[in-house]
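Trainee: Here is my input, please return the structure:
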Amino acid sequence: QMADLQLTGRAEGTAPLAINGKLNPLAQPLALDIEGKVRDLDLPPLSPYSVKYAGHGIERGKLSMDVTYKVQPDGRLTANNKLVLNQLSFGEPVAGAPASLPVKLATALLADSHGVIDLDIPISGSLNDPQFSLGPIIVKAIVNLIGKAITAPFRLLAGALGGGGAGGEDMANVAFAPGSAQLSGKAREQLDKVAKALADRPQLKLTVVGTARLSEEGEAWRRERLKAMVAAEKRGEAPAPEAPAEPAVAASAPDSGAGGARPATAGATKSSETQVSDTEYPMLLKRLYRRADIPGKPRNVLGFAKDVPVDEMEALLLKHIDVSDDTMRQLAVQRGVAVKDYLAGRKLPPERLFLGAARTAQGGAPAPAASAAASDTKDAEGASAAWSPRAELQLSAR
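Mentor: Numbering: from 1, shown residues only. This is a model prediction of the structure:
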């Protein structure tokens, strides 16, 4: 026979507690089906548990809970918990602690702009377990959530933006066209979401790491460079084929054919703004080809360069456009700068945005991934072994 229960008191000696429901205290084990509320439970007294499971004591913070608890006939407890953590702050790592988690990054990820963390956490345990205690169970649940936030922070951000956590890996990697350092429309939409998530979490910092790879992008960079040279020819700037990389390369994929559309896409920003039509391209390419001082040009009996088809002119010019490891390093830097500048343009404070060291790699192995504690890059690479041109985003706490 279940009896009605109404109980009030103080949890851990600090917080008002109210419990309502039904129970049978004579059952073995105890049978109950209750709802409970705790308001403003001070968390520092639970520091011994947080040191044990996270390696940090709790300096400040309050917990409010709305819970439902039900004990099955076998003594198994199941609970649904709505937790609100207010102004949670951890101390420095405790020497000799059994474990240490980057809890400051986790709280920065989880807390909103008011310092409030709103969670729904299921808790389970057995009343037959002599070690069963509500305090450590709460701490364990929070620590488990911290672990999930650390291993896949951008999934958490994607979920906060209404994506249910899907697409978190995509948020951590900003894709670029091969040989290009200009943001596509899709990349801008992605960064708009990142900017919103960061604006809602003022304790987060972001580091942008541009990447590039000569073995994968060398040819694409040459084609993008040729497009920039043709655009410069139209503007009357007449760049040389061996000119180095310029600050911004365009977004559209390279077009190797002779008859397709060829917007001017590589080179400085003004190059990407110079549109070269299909009609203009052969004439501009011919001017560039005639003036270029490159060996191997077919010549007539008078020693002048012969007219050759567009694809042959392209092939000869491309052959003499230098691309090197340093070229790829510049491209990687440009990608990082493009992402950082775009986010700065979305009014993120400069003290929260950082440009990381550019990464380049040769051969088939991917460039080293960012730490899983700061980005979802490792998960994204595990999903696909193929390397792709990108800038990687890494999160840290202020």
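Trainee: Would you mind listing where the chain has pLDDT under the threshold?
Mentor: 127, 129-135, 138-139, 159-169, 237-273, 301-302, 362-385 (pLDDT under 70).
Trainee: For the residue nearest in space to the middle of it, give its distance to Gly147.
Mentor: For the chain, the residue sitting closest to the mean C-alpha position, by CA atoms, centre = their mean, is Ala172 at 2.2 Å. Distance of Ala172 to Gly147, given as CB to CB, to the nearest Å: 18 Å. All C-beta atoms are positioned from the backbone trio N, CA, C, and that covers glycine.
Trainee: Isn't Leu353 up against Leu343?
Mentor: Yes: shown here, Leu353 and Leu343 form a contact pair, counting by CB atoms under 8 Å, at 5.8 Å.
Trainee: the more surrounded of these two?
Mentor: Leu343 (21 against 17; other CB atoms under 10 Å).
Trainee: Now do the same contact list for that one.
Mentor: Leu191, Val194, Ala195, Leu198, Leu206, Val208, Leu353 (CB atoms under 8 Å, 6 or more residues apart in numbering).
Trainee: Over to it: give its phi and psi.
Mentor: As for Leu343, its main-chain torsions (degrees, to the nearest 10) stand at phi -70, psi -40.
Trainee: And the residue nearest to the centre of the chain, how far from Ala197?
Mentor: To Ala197, Ala172 is 12 Å away according to CB to CB.
Trainee: now do Pro44
Mentor: Pro44 sits 29 Å away from Ala197, going by CB to CB.
Trainee: which of those two has more neighbours?
Mentor: The neighbour comparison of Pro44 against Ala197 (other CB under 10 Å) goes to Ala197, with 21 against 15.
Trainee: Okay, and that one sits in which element?
Mentor: Assigned by DSSP states H and E, Ala197 belongs to helix 185-199.
Trainee: So what touches that helix?
Mentor: Residues contacting helix 185-199 (CB under 8 Å, 6+ apart): 113, 157-158, 160-161, 170-171, 174-176, 183, 204, 206, 339, 342-343, 346-348, 352, 393.
Trainee: If any of the residues you listed are buried, put those into a ChimeraX selection.
Mentor: A single ChimeraX command selects the buried members of the contacts of helix 185-199 (16 or more other CB atoms under 10 Å):
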select :157,158,160,161,170,171,174,176,183,204,206,339,342,343,348,352,393
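Trainee: Among the contacts of helix 185-199, name the ones in strands.
Mentor: Val174, Ala175, Leu204, Leu206, Leu393 (DSSP state E).
Trainee: quick one, helices of the stretch 1-150 of the chain?
Mentor: Counting by DSSP state H, counting those that start in this stretch, the stretch 1-150 of the chain has helices at residues 47-54, 103-110, 134-151.
Trainee: most packed of those?
Mentor: Counting by mean count of other CB atoms under 10 Å, helix 103-110 has the highest mean neighbour count of the helices of the stretch 1-150 of the chain, with a mean of 22.
Trainee: CA atoms of that one as PDB?
Mentor: Taking Å, rounded to 0.1, in the frame of the first residue of the first chain, the C-alpha atoms of helix 103-110 are listed here in PDB:
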ATOM      1  CA  VAL A 103      36.300  22.000 -16.500                       C
ATOM      2  CA  LYS A 104      36.800  25.700 -17.100                       C
ATOM      3  CA  LEU A 105      36.400  25.100 -20.900                       C
ATOM      4  CA  ALA A 106      33.400  22.900 -20.200                       C
ATOM      5  CA  THR A 107      31.600  25.500 -18.100                       C
ATOM      6  CA  ALA A 108      32.400  28.200 -20.700                       C
ATOM      7  CA  LEU A 109      30.800  26.000 -23.300                       C
ATOM      8  CA  LEU A 110      27.700  25.200 -21.300                       C
END
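Trainee: Let me know the angle separating it from helix 134-151.
Mentor: Going by axes from the mean of the first three to the mean of the last three CA atoms, to 10 degrees, helix 103-110 is angled at 80 degrees with respect to helix 134-151.
Trainee: for helix 103-110, packing partners?
Mentor: Under the contact definition 3 or more CB pairs under 8 Å, 6 or more residues apart in numbering; DSSP states H and E, helix 103-110 sits against strand 76-93, strand 116-126, helix 134-151, helix 153-158, strand 390-397.
Trainee: Tell me the helices and strands packed up against the fourth one.
Mentor: Contact analysis of helix 153-158 by 3+ CB pairs under 8 Å, 6+ apart lists helix 103-110, helix 168-172, helix 185-199, strand 390-397 as its packing neighbours.
Trainee: Which positions within the longest one qualify as buried?
Mentor: This points to helix 185-199. Residues of helix 185-199 classed as buried: Ala187, Gln190, Leu191, Lys193, Val194, Ala195, Ala197, Leu198 (neighbour count, 16+ other CB under 10 Å).
Trainee: Go through those residues and say which is closest to Thr360.
Mentor: In terms of CB to CB, no member of those lies closer to Thr360 than Ala187, at 20.1 Å.
Trainee: Distance check, the closest one against Val339.
Mentor: As judged by CB to CB, Ala187 and Val339 stand 8 Å apart.
Trainee: Identify the contacts common to these two.
Mentor: Shared contacts of Ala187 and Val339 (CB under 8 Å, 6+ apart): Val174.
Trainee: sorry, back to before: can you lay out the helices and strands packed on helix 103-110 as CSV showing distance to Arg223?
Mentor: Output for the helices and strands packed on helix 103-110, formatted as CSV (distance: least, CB to CB, whole Å):
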stretch, distance to Arg223
strand 76-93, 51
strand 116-126, 49
helix 134-151, 39
helix 153-158, 32
strand 390-397, 19
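Trainee: Now do the strands in the stretch 201-350 of the chain.
Mentor: With DSSP state E, counting those that start in this stretch as the criterion, the stretch 201-350 of the chain has strands at 204-213.
Trainee: possible to save the ones in strands among the contacts of helix 185-199 as JSON lines with distance to Glu314?
Mentor: Below are the ones in strands among the contacts of helix 185-199 laid out as JSON lines (distance: CB to CB, whole Å):
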{"residue": "Val174", "distance to Glu314": "30"}
{"residue": "Ala175", "distance to Glu314": "26"}
{"residue": "Leu204", "distance to Glu314": "46"}
{"residue": "Leu206", "distance to Glu314": "40"}
{"residue": "Leu393", "distance to Glu314": "36"}
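Trainee: Okay then, goodbye and thanks.
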